[in-house]
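> Okay, predicted coordinates and the sequence, questions at the end:
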Amino acid sequence: MLNLVLATKTEAEPLIEELKLKHEPAPFPFYKKDQVSLIISGIGKCRAAAASAWLGGLGAPTSVNNHQNKSGCWLNIGIAGHLDAAIGTIFTAHKVLDHGCDKVWYPPRVSPPLESENLITVDKPLTTYIPNQLHDMEASGFIETARMFSYAELVQCIKVVSDNADQPFTKIDTHLAGSLIQDNLSSILLFMDHLQELANSLNTLDTSISEEFTKKWKFSASQKVILERLLQRYNVLLEPMTAIPDELSHKGSSKDILRWLNQSVNNASHSI
Amino acid sequence: MIQTIYIEDSIREHPRTLEICQRYPNAALISCERYTSVFNSNSQNFRLQKQQPSLILANKHKGHVLPTPPDYGIGGDSNFYFSHMLNCVYDCRYCFLQGMYRSANYVVFVNYEDFLSEIQSTTENTDGAWFFSGYDCDSLAFEPVTGFMQFALERFRDMPNANLEIRTKSTQIRGLLSQPAINNCVVAFSFTPENISQALEHKVPSVQKRILAMKKLQNQGWKIGLRFDPIIYTTTLKSEYRDLFSSIFESIDPTIIHSVSYGAFRLPKPFFKKMVTLYPEEKLFAMPLTEHQSQVSFGEDTEEECLNIVHKELANFIDENIIYPCS
Ligand code: SF4
């Protein structure tokens, strides 16, 4: 699952087009195709947080496997100011500071990295640039919220420099914002692919068969956790279970199922 | 190769910080107020970070030297441990660090002097204390970068009343070989049989390479220790350990081994739970393990069987007086 959070429609358009995303009704402008969702939050950290929270709520857990719950990728993409970086330079953020409350996050740098830089999220545009900092208005709201739904490594910010001391910010030039994202589209897409590869490296076991079990028998919440782990162990010690074994079809209760699975894994070969 | 270095503001200009950063000219340097804000932050995934760990350079303010858990030791009455580094360049699947820390990044505390002065003051209050290195990291694996052991050994040379154990699976012994052995230091190598090592001790030098490193050190007069902990149950455990001991004692002289210890595979329950979440496909964790008093293990009977076999096989080579079971 890839979740993209952008502040404005102009920044989002190159991605909507490239990824062939389709508009869907939602409280925010929202676009989707298969495993990719894109939301346009509006400007400011509160709106970025609200949009991320709404998007996170869509991906409610379908499995008790923690990795499947938490391995969605999250990207905040947009433009930012910088004292002296050239306009059009693309960065990821390696340190995000909220200018209002001094809270700091350190998005882990994932390789192969784009160039990275500090980022400060401000509530309104500053009149001067702080050295060695990207300046934006959304990242802190995004990162704090998105990390509730995924691992820190998979929550990243990509910013393209739109203004600097030589060409300072006066008002948002919507056309410029779109063309800066468009110009850097291949780097952004490459980074997305890499992030998704990283997320996939966590999902090493397929236990989606658990849904068949829970449809057929009634499991309590704690039994579902046990079922999931027994199915993982079954996969590791015996073979991947792709269908409910015939000998289970006559079993009456979830307890019988868990007992059978437990016996099967305990009787399996136990040499490393 | 390290691509990212986080540096605590207070040690930004520390000579060791500068020296270590110089080794990685292409790394991004990121400042932080305290290392804990990076290392302990929420939502990190140890497994993802282990693919490309970053380095965190920090200052340790207190707790440089701590008492070991009871029953940890090799015969001494006063036992302490210290960690100039948190986390390890190797990736043993049974390693408790995966369960203990949120982050897989390497933390190096650059104020080595403070560790050594606390060791010195602890020594003054005890008689023949032991100091164990390699509790929260491998003692030697990152030595070419940190140079900590080189620094520590010079000080231990002048503290004959303090004993040092350097516990390692590394073959980074160049620094040790470049100086005469010291009497109050034991270089303790950890082993599991070759098949277990290949399956579980990722990135660790092979058993043969470690044996060779031990041999070189022993030939130069360094005291050698052997550590067989954890022992992982297999159906062919006896022959695996018999082969391992034969290989080791073919190469090194068992009569001048300083000490041998062994212990069964055990993990605190919360650590085990976290490790299963990180590596659900790991066969070791899928085996029928039991829980007893918040510890996960192979169970008392299997454990006892394993320990007896290893002890018996060891006793064929080693004087019983220097064999220490770990509890
Ligand atoms: S060598 Fe030791 S510290 Fe390093 S990963 Fe293996 S068990 Fe852990």
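Ah, there it is. Predicted model only: the values in this text are computed from it and were never measured.

> Which residue, neighbours along the chain excluded, lies closest to residue 188?
Chain wasn't specified; assuming chain A. Leaving aside its sequence neighbours, A:I188 sits nearest to A:I158 (Cβ to Cβ, 6 or more residues apart in numbering or on different chains; 6.0 Å). (C-beta placed from N, C-alpha, C; glycine too.)

> The chain in question should be chain B.
Once flanking residues are discounted, B:A188 sits nearest to B:G225: 3.3 Å by Cβ to Cβ, 6+ apart.

> Now for that neighbour, how many residues are close by?
Per other Cβ atoms under 10 Å in any protein chain shown, the neighbour tally for B:G225 reads 21.

> cool, the one 3 residues further on as well?
Taking other Cβ under 10 Å as the criterion, the count of residues near B:F228 is 24.

> Report the contact partners of it.
B:190-192, B:241, B:260-263, B:310, B:314 (Cβ atoms under 8 Å, 6 or more residues apart in numbering or on different chains).

> Doesn't it belong to a strand?
Yes: assessed by DSSP: H, G, I helix; E, B strand; the rest coil, B:F228 belongs to a strand.

> Could you give the bridge partners of it?
Here B:F228 sits in beta bridges with B:Y262, as judged by DSSP bridges.

> confidence score at it?
B:F228 is assigned 98 on the pLDDT scale.

> and the gap between it and the ligand?
Distance of B:F228 to the ligand, computed by Cβ to the nearest ligand atom, to the nearest Å: 13 Å.

> one step back: just the CA trace of the helix or strand encompassing the residue nearest to B:A188, in CSV.
Element membership for B:G225, per DSSP states H and E: strand B:223-231. What follows is the C-alpha trace of strand B:223-231 in CSV, where atoms were taken according to Å, rounded to 0.1, in the frame of the first residue of the first chain:
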residue,chain,number,x,y,z
LYS,B,223,44.6,-15.9,27.3
ILE,B,224,41.8,-17.5,25.4
GLY,B,225,38.3,-18.2,26.6
LEU,B,226,35.6,-20.3,24.9
ARG,B,227,31.9,-19.5,25.1
PHE,B,228,29.3,-22.0,23.9
ASP,B,229,26.2,-19.9,24.6
PRO,B,230,23.5,-20.3,23.3
ILE,B,231,23.3,-24.0,22.8
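
> That strand: how far from the chain's middle?
Centroid separation for strand B:223-231 versus its chain: 11 Å, with Cα atoms, centre = their mean, to the nearest Å.

> a strand runs through A:F91, doesn't it?
Yes: the assignment for A:F91 is a strand, going by three-state DSSP.

> For chain B, which residues are neighbours of the ligand?
Residues of chain B lying close to the ligand by Cβ under 6 Å from any ligand atom are B:88, B:90-92, B:95, B:97, B:137-138, B:169.

> Any chance of CSV for the residues you listed, columns secondary structure?
CSV is the format used below for those (three-state DSSP):
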residue, secondary structure
B:C88, coil
B:Y90, coil
B:D91, strand
B:C92, strand
B:C95, coil
B:L97, helix
B:C137, coil
B:D138, coil
B:K169, coil
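
> Return the closest of those with respect to chain A.
Here the nearest of these to chain A, counting by Cβ to the nearest Cβ, is B:C92; it sits at 12.6 Å.

> now the closest one, which residues is it bridged with?
Beta-bridge partners of B:C92, as defined by DSSP bridges: B:E201.

> Likewise for A:A93?
A:E117.

> confidence score at it?
Value listed for A:A93 in the pLDDT field: 98.

> residues contacting the residue of the stretch 151-300 of chain B found nearest the ligand?
At 4.4 Å from the ligand, B:K169 is the closest residue in the stretch 151-300 of chain B, using Cβ to the nearest ligand atom. Applying Cβ under 8 Å, 6+ apart, we find B:K169 in contact with B:90, B:92, B:138, B:141, B:189-191, B:201, B:204-205, B:210.

> Looking at those residues, which is nearest A:Q133?
B:A141 (36.1 Å; Cβ to Cβ).

> For that closest one, list the residues it contacts.
Neighbouring residues of B:A141 by Cβ under 8 Å, 6+ apart: B:88-90, B:168-170, B:172.
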